[in-house]
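1. model this:
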Amino acid sequence: MLILSRKTHESIMIGDQIEVSVVDIKGDQVKLGIQAPRNVKVFRQEVYQAIQLENRAAAQTGTDLPRIESMLGQRNREQSSGSAS
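-> Below you'll find the model as predicted:
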């Protein structure tokens, strides 16, 4: 981990396109400004962790596609036989 000291209105660069600026310091709270390309997603850590947790939970949820396909097939057969009468 790289540790840097910065004062209000000073910045650091991450690569060529991401700039992190210290906007304000009040007590134990630091406000940061982040300039990054639109395709770079920037999240607070707790939000990022919540997203990752939700993604893992969604990936573990199984789907019952064969059953759904079977139900759709039966519905289509019923509609076909109903329209033929």
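2. tell me if I'm right that Val40 and Gln17 touch.
-> Yes - the pair Val40 / Gln17 is scored as a contact, 7.4 Å apart, by C-beta atoms under 8 Å. Where you see a C-beta, it was placed from the backbone N, CA and C, and this is true even at glycine.
3. can you pull the buried residues of the biggest strand by length in the chain?
-> In terms of residue count, the longest strand belonging to the chain (DSSP state E) is strand 18-26. Across strand 18-26, burial judged by 16 or more other C-beta atoms under 10 Å covers 20, 22.
4. just the C-alphas of that strand, formatted as CSV.
-> The C-alpha coordinates for strand 18-26 follow below in CSV (Å, rounded to 0.1, in the frame of the first residue of the first chain):
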residue,chain,number,x,y,z
ILE,A,18,-7.8,9.2,-12.7
GLU,A,19,-7.2,12.2,-10.4
VAL,A,20,-8.0,12.1,-6.6
SER,A,21,-8.2,15.5,-5.0
VAL,A,22,-8.5,16.4,-1.3
VAL,A,23,-11.5,18.8,-1.3
ASP,A,24,-11.9,19.4,2.4
ILE,A,25,-10.7,18.2,5.8
LYS,A,26,-12.9,18.7,8.9
